[in-house]
Structures are given as C-alpha cells and as structure tokens.
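Participant: below: sequence and its predicted model.
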Amino acid sequence: MSVVTVPTTPFSGQKPGTSGLRKKVKVFQQKNYTENFIQATFTAMPGGSEGTTIVVGGDGRFYSPEVSQTILRLAAGNGVKHVVIGQDTILSTPAVSALVRSLKADGAILLTASHNPGGPENDFGIKFNISNGGPAPEDVTNKIYAVTEDIKEYKTVELPDLDLSKTGEFTHGPLKVTIVDSVSNYLQLLQEIFDFDMIKKWLHETSPKPSVLFDALNGVTGPYGRAIFVEALGLPESSIQNCTPLPDFGGLHPDPNLTYAHTLVERVEKENIEFGAASDGDGDRNMIYGKGAFVTPSDSVAIIADWAEEAIPYFKGGVKGLARSMPTSGAIDIVAKARGLECFEVPTGWKFFGNLMDAGRLSICGEESFGTGSDHIREKDGVWAVVAWMSILAKANQTKPGTDINAILLAHYKKYGRSFFSRYDYEEVASEGAEAMMAHLRETFASSSFAGSAHKATSSDASFTVAAADDFAYTDPIDGSVSTKQGLRIMFTDGSRIIFRLSGTGSSGATVRLYVEKYSRNEAEYADDAQVGLKPLIEVALQLSKLQEYTKRDKPNVIT
Ligand code: VG1
Ligand code: CO
C-alpha cells in the first residue's frame, strides 16, 4: 500500500488554544479540515513523525470514531511506525499521559473538547501531547498553526477502517496498531501512588461507614470510576453514577462544578453522603463535594499539598515544589511558605507546569478551574485528585474518627487563613465587545494615576486601593521562553486581586472570565459563603471594567 499525496488548501483559524483545537463538530466535518490539522501536527512533531510511536485516545465524544480512522491513515502516510490506541478510542486525558510515559512514546493525539458539550451540534477537539506526556508547549502549537496556514497537501494511505472494539496487536497497512484496554495501565499507576488498603479500611471499618458518590457525568471516567471505586475499593454500585461514556454525554455539560454537576450535589445533600466527587468529559478535572462542604479547587490543591507526605505514599520521599496558575488563589503559596518549598505562578493551562516537573522542581500543582495534579503524569488528573482526597480523609480518620471534609477545610483555614475565591464566566459574548473591554482595561492600567487610586463598592462602604496592575507575562524558569498577555490583573493594597482573561477553550464567540480573591485571617469569617465576602470586590471589578456596557451582560452564565 503506497502513500498518497492529497492536495488541499488552508482553513483559517486552526490555532490551538489553551488546550488544543476546539470547534463545533460541523467545522471539523468540512472536507479536509481535520486532515489538514492532523497533517500539520505530524509535520510539527518535534523530531518529525518518521518511525515514531504515538498514543491515540479521547473521551469518546461524537465524531471520534471517524477521526480515529483518519489519524490511522495519516499516521501511515507520515511514516509513523506504531500507534497505541484505546479500545473504541476511549482513554482519559490522564490515562493518555500515563501511557505515553510508560511506553516512552514520542507523542499523543487526544480527541476531546474536555468539558465542552458533545454531539453533532456541539464541540469536538484535537490536542497534541509531546513525549513527556504533557500538552505541547507553545513553540510546538505555534508551529502546528503556522503549518496549517499554508498547507498544500497531506499524506495518507488508503486503508479500510480498523475495528477498534477489540484489544490486541494488529497490522494495519504499514502500521503496527496496538489496541489497549482503557483502564488497566492507569489503574496500576494509581495503585502504586496511593495506599488503597488504608482507604479501604476507612471505607469499610469506620462506623458508621462513610458513603461515597462519584459522578462521571457520562464522560470518559465512567470505566475508571467503576474499576477504582466499585472493583478495587469494594464500594456498592450505587456509589457511582453516569458511568457509561456517551458520545453526547447524555446531553449533560460534562463540567464538574456546582452548576453542571448539580445532581451529584443534590444527592449528596439529600442522602447525607460524606464524600462526593465528579470529573469532566475527558477526566482531567475534578470537583470534591461533601455534605455541606464544597471544596474550591484553589483550596483543594493547597490541602492536598499540605497532606501529601503524610497521606500519599508516592510523596513519602518529600515534595519537590508547588505551583498554581496565575488566577488560582494564593492558598497553595501559603502552604509552600510554611513548608519551605518553592512555589511557581504560571499562566493558565497545564502545559506550563511540564518543564518544571521535568526539571524535578515541581510535585503538586493546580488551577482554579477544577484542575489538580502532580508529577506522576503531565496532565491534570481528576480521578487522582479524588483518590488523593479519599487518602486525606482515611489518614485523618486514623487519629480522629469522624473527620469529614468540612473538618479538614476548617482545620486548614485555622492553620493558614482562608483565601476566598470566585470566578464569573460570561460565555459567548460578542468578540468585539470582549476585546474592547480588555482594551479599556489596558488603557486604564496605563494611566499614571491608576496605581494608588481608591475604588468604592456600590452596596457598601468597602473601598480598595490599587497597589499595582499589569498584563501577566511569564518567563519559563527552565527554558527561558516568554508568554505574554496572559491575563489582566489588579492587585490591591489589602492583598485582594481581580483578574480578567479571555478564554482560550471556547468554540464560538468570546468568554470573559473574571476572577476575584480576598485573603482573610479572621476566624469569624472562615465559615462564610464566598459570594457574600467577595461581593464588594466584584462590584469594583464590574465598575472598573465597564463589563456590562461592553458585553451587554448583566449576569454571568456560571459562577464557580
Ligand atoms: C480553561 C481553564 C484552564 C484549563 C483549560 C483546559 O481554559 O480556565 O485553567 O487549563 O480550560 O481545561 P480557558 O482558556 O478557557 O480559561 V480542560 O479540562 O478543557 O483540558
Ligand atoms: Co478536561
């Protein structure tokens, strides 16, 4: 079977965003659209695609079966030697990262739009990961984009569809294809990281037994949830829900937060469930929610970092360093300081953590967007975070039986203070309005009188004085690469912050993200609702940005 060169013409806008190329399914279905992007990925692969081994997986969303076959054909056309692919293409994003690392593969292609809804009318996505198992850094994604801009042909081998439903080794034209079980490699990794026996003791030998509910939101983590919670930890079938991956996620928006994972929240509250958790479409996000206790992701990573050495065998030898994305609250910085660890602040997107991990300077990190993880792989890892929290509870219960999520949170606040944090998302606003608002803020920042100016809330006497304002830029401490325009931030003299960013994961229009943070050492406030404490700051943010005027929106779509 010979390689065929097919002429094509470029499509505009094939620029990977925060986490790959995400567009409506209909956009990917255009003739040659997907082929162009995959060809550009092979062309831009560091070291080239000839003779390589690549991993292919995804969340099983609509259009994945077709694109999997396209990838096999173009991989053959581009001289790839070996493709390792999940059964029915199902592999969570963390499982792909783990496989790349354990097989020492040269890279991976992930078919996912993460937490974005799926189905013929919704989103599809393609993401390239490099040989460390992490998302391609900006120099690679920029190269992919540059290739798509003047692509003239793609290389393919006219192969029939390969049946991906059975595991095993196959010869497919010039390719060796290994179809792997979706779960086993990843499950083995988690069993090496955590003390499953300790968790089992807590689950089965505490009286009364703590109840658990895991919700996969019909995304990719269903089979992982069943293997871990039901089969390995011996929990009843009723402790998992929505655990069959569906191409359209059963119509759900597979994003684990209080808005989209509300059936989990309702069951936890109604059935007095101690430990609830959810993950997103591709399995890299997580939400931890116990009865009356929502753990904000910024607190979650700080608490995991604080407990890691004690509760998780993987970290027994010590934690190397900590990190967070810029908008994430400073709760983890406080833990780092107390423990004498380095702490890094990187731009939004998991790709920025990879170099630090590869250099041995980072063990645990997180993003406010329900992303938590460690250097066991190079992606954030939803199920890992859930098992990390179970480990913390199991450990805490050894010395203090009855410790629940709320108790862990309050103990943490008492020790370190509380960082109140919230994010407002204004989705699908007109791009021009969103850009104009950002331009207005940049102009405001440029004025010499902005630093030092005081801003009063509308509904109270609270007032905030600007200490500094900037457009966040990051220089990677390992390779020196510079990323600019990563979010507009205003720091106030009391340590509070307001940040504005435009999302890089949407598939149409613009999404404005507004992040607010306020730190408190006042014990009387620790149990407060974050929305109440942050209200004055949000009012100031809306005034300063003129958000309502520019976006014509008086309410966010989602508050987290
Ligand atoms: C969002 C989050 C970011 C996260 C990214 C990918 O990006 O804010 O923290 O890394 O999604 O997550 P943005 O540019 O839309 O703000 V996932 O679960 O989509 O891979
Ligand atoms: Co995701």
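Facilitator: All right, it came through fine. Ligands and ions are numbered 1, 2, ... in the order given.
Participant: near ligand 1, which residues of the stretch 201-350 of the chain? Just list them.
Facilitator: Taking C-beta under 6 Å from any ligand atom as the contact definition, the stretch 201-350 of the chain meets ligand 1 at 280, 284-285, 325, 348-350. Placement of C-beta: from N, CA and C, glycine included.
Participant: recalculate using a threshold of 8 Å.
Facilitator: Residues of the stretch 201-350 of the chain found near ligand 1 (C-beta under 8 Å from any ligand atom) are 280-282, 284-285, 325, 327, 348-350.
Participant: cool, and the chain?
Facilitator: The chain has residues 17-20, 93, 112-116, 127, 280-282, 284-285, 325, 327, 348-350, 367-371, 379-380, 501-506, 511, 513 near ligand 1, with proximity defined as C-beta under 8 Å from any ligand atom.
Participant: among the residues you listed, which ones lie close to ligand 2?
Facilitator: 114, 280, 282, 284-285 (C-beta under 5 Å from the ion).
Participant: coming back round to it: can you tell me which of the residues of the chain next to ligand 1 are in helices?
Facilitator: Thr93 (DSSP state H).
Participant: strands - which of the residues of the chain next to ligand 1 land there?
Facilitator: Of the residues of the chain next to ligand 1, the ones assigned to strands by DSSP state E are 127, 325, 367, 371, 501-502, 511, 513.
Participant: which one of the residues you listed is nearest ligand 1?
Facilitator: The nearest member of these to ligand 1, counting by C-beta to the nearest ligand atom, is Glu367 at 4.0 Å.
Participant: report pLDDT for the residue in the chain positioned nearest to ligand 2.
Facilitator: Closest contact between the chain and ligand 2, by C-beta to the ion, is at Ser114 (3.1 Å). On pLDDT, Ser114 comes in at 95.
Participant: one more: the one 3 residues further on?
Facilitator: Pro117 is assigned a predicted lDDT (pLDDT) of 93.
Participant: same check on Ala336?
Facilitator: Here, the pLDDT recorded for Ala336 equals 98.
Participant: equivalent analysis for the one 10 residues further on, please.
Facilitator: The per-residue pLDDT reported for Val346 equals 97.
Participant: contacts only, for the closest residue to it other than its chain neighbours.
Facilitator: Leaving aside its sequence neighbours, Val346 sits nearest to Phe352 (C-beta to C-beta, 6 or more residues apart in numbering; 3.7 Å). Contacts for Phe352 (C-beta atoms under 8 Å, 6 or more residues apart in numbering) come out as 325, 346, 474, 476, 483.
Participant: again, but for Cys243
Facilitator: 214, 216, 221-223, 225-226.
Participant: out of these, which sit inside strands?
Facilitator: Phe214.
Participant: for the helix or strand containing Met491, packing partners?
Facilitator: If you go by DSSP states H and E, Met491 is part of strand 488-492. In terms of contacts (3 or more C-beta pairs under 8 Å, 6 or more residues apart in numbering; DSSP states H and E), strand 488-492 is packed against helix 431-446, strand 463-471, strand 497-502.
Participant: make CSV out of the ones you listed and add mean neighbour count and distance to Phe11.
Facilitator: Formatted as CSV, the helices and strands packed on strand 488-492 follow (neighbours: other C-beta atoms under 10 Å; distance: least, C-beta to C-beta, whole Å):
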stretch, mean neighbour count, distance to Phe11
helix 431-446, 16, 18
strand 463-471, 16, 30
strand 497-502, 22, 22
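Participant: can you redo those as CSV with mean pLDDT?
Facilitator: Listed next are those as CSV, based on pLDDT from 0 to 100:
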stretch, mean pLDDT
helix 431-446, 93
strand 463-471, 94
strand 497-502, 96
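Participant: could the ones you listed go into TSV alongside distance to Gln87?
Facilitator: Below are the helices and strands packed on strand 488-492 laid out as TSV (distance: least, C-beta to C-beta, whole Å):
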stretch	distance to Gln87
helix 431-446	40
strand 463-471	45
strand 497-502	37
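Participant: can you list the domain ranges for the protein.
Facilitator: What automatic domain parsing lists as the domains of the chain is 3-181, 186-416, 418-559.
Participant: quote the end-to-end distance of the second one.
Facilitator: Meaning domain 186-416. For domain 186-416, the first-to-last residue distance is 34 Å (C-alpha to C-alpha, to the nearest Å).
Participant: verify the stated contact: Gly234 with Trp202.
Facilitator: No - here Gly234 does not reach Trp202: they are 11.9 Å apart, not a contact under C-beta atoms under 8 Å.
Participant: looking at the two, which one has more neighbours?
Facilitator: In this view Gly234 and Trp202 are compared by other C-beta atoms under 10 Å, and Trp202 has more residues nearby, 23 against 12.
Participant: next, the more buried one: secondary structure please.
Facilitator: helix (DSSP: H, G, I helix; E, B strand; the rest coil).
Participant: so the nearest residue to it once chain neighbours are set aside is in which element?
Facilitator: Spatial nearest neighbour of Trp202, excluding adjacent residues (C-beta to C-beta, 6+ apart): Ala394 at 3.6 Å. Taking DSSP H and E as the criterion, Ala394 maps to helix 382-399.
Participant: so after that helix, what's the next helix or strand?
Facilitator: Where DSSP H and E defines the elements, the next helix or strand beyond helix 382-399 is helix 405-416.
Participant: now tell me what touches that following helix from outside.
Facilitator: With C-beta under 8 Å, 6+ apart, helix 405-416 has contacts from 274-275, 288-293, 295, 299, 302-303, 306, 331, 334-335, 338, 389, 392-393, 396, 400, 523, 526-527.
Participant: make a PyMOL selection of the buried ones in the residues you listed.
Facilitator: Selection command for PyMOL covering only the buried members of the contacts of helix 405-416, criterion 16 or more other C-beta atoms under 10 Å:
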select buried, resi 274+275+288+289+290+291+293+295+299+302+303+306+331+334+335+389+392+393+396+526
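Participant: which ones among the contacts of helix 405-416 map onto helices?
Facilitator: 299, 302-303, 306, 331, 334-335, 338, 389, 392-393, 396.
Participant: got the residues you listed as CSV, with distance to Pro247 columns?
Facilitator: Compiled in CSV, the ones in helices among the contacts of helix 405-416 are given as follows (distance: C-beta to C-beta, whole Å):
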residue, distance to Pro247
Asp299, 34
Ala302, 37
Ile303, 35
Asp306, 40
Ala331, 37
Ile334, 43
Val335, 41
Ala338, 46
Trp389, 30
Ile392, 35
Leu393, 35
Ala396, 40
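Participant: partners of the strand holding Met491, with directions?
Facilitator: Neighbouring strands of strand 488-492 in its sheet, by DSSP bridges, are strand 463-471 (antiparallel), strand 497-502 (antiparallel).
Participant: can you tell me how far whatever residue of the stretch 301-450 of the chain ends up closest to ligand 1 is from Val301?
Facilitator: Residue of the stretch 301-450 of the chain nearest ligand 1, by C-beta to the nearest ligand atom: Ser369 (3.5 Å). Applying C-beta to C-beta, to the nearest Å, the value for Ser369 to Val301 is 11 Å.
Participant: settle it for me: which of these two has more neighbours?
Facilitator: Taking other C-beta under 10 Å, Ser369 and Val301 do not tie; Val301 has more neighbours (31 against 28).
Participant: so what's the residue of the stretch 51-200 of the chain found nearest ligand 1 up against?
Facilitator: Going by C-beta to the nearest ligand atom, ligand 1 is nearest to Ser114 of the stretch 51-200 of the chain, at 2.9 Å. By C-beta under 8 Å, 6+ apart, Ser114 lies in contact with 19, 22, 59, 93, 125, 280-282, 284-285, 505.
Participant: identify the residue spatially nearest to it, adjacent ones excluded.
Facilitator: For Ser114, the spatially nearest residue (C-beta to C-beta, 6+ apart) is Asp282, at 4.9 Å.
Participant: I'd say the one you found and Val220 touch.
Facilitator: Yes - contact between Asp282 and Val220 holds when scored by C-beta under 8 Å: they sit 5.6 Å apart.
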